[in-house]
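Enquirer: Pasting a predicted model and its sequence here:
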Amino acid sequence: QVQLVESGGGLVQAGGSLRLSCAASGGTFSMYAMGWLRQSPGKEREFVAAISRGGARTSYADSVKGRFTISRDNARNTVFLQMNSLKPEDTAVYYCAARQRPSGVVVVGTTEYNYWGQGTQVTVSS
């Protein structure tokens, strides 16, 4: 069973950047496809980005495509989300999630993941 801990959230002005990190422990990190999801107050949790277990494949929500980049370092058991050109509508709690999948598979969606972090708050001011 894998444990996930996010970090890197905070308050940033519109147009700014943040880099989120998610450190994994308790499992073989390279066996897990990873993802980032987010939830704003009063809204349902939504998919943001996903990466396959080896890092070769990625997928993004249309709302973040071209602005966010997901990456991973399997030697450090960490997945990252680089967020550029942030907008006020990106304000949310960002969650890291994991699921064991075959190589080359990305997990897109909000219900397919079975391990979750506690979340980190990202606030973008206008």
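Expert: Everything's here; your move. Numbers count the residues shown, from 1 in each chain.
Enquirer: Could you report the neighbour count for the closest residue in space to Ser40 that isn't next to it in sequence?
Expert: Leaving aside its sequence neighbours, Ser40 sits nearest to Ala92 (C-beta to C-beta, 6 or more residues apart in numbering; 4.4 Å). For every residue, glycine as well, the C-beta is placed using N, CA and C. Other residues lying near Ala92 total 22 when counted by other C-beta atoms under 10 Å.
Enquirer: Would you confirm that Ala92 contacts Leu37?
Expert: No. Using C-beta atoms under 8 Å, Ala92 makes no contact with Leu37, being 9.1 Å away.
Enquirer: Provide the partner residues of the residue nearest to Ser40 in its beta bridges.
Expert: Beta-bridge pairing for Ala92 (DSSP bridges): Val122.
Enquirer: ok, now Ser21?
Expert: Under the criterion DSSP bridges, Ser21 forms beta bridges with Ser7, Phe80.
Enquirer: just Ile70 next, same as before
Expert: Counting by DSSP bridges, Ile70 is bridged to Leu81.
Enquirer: For it, the count of nearby residues, please.
Expert: Residues within reach of Ile70, counting by other C-beta under 10 Å, total 22.
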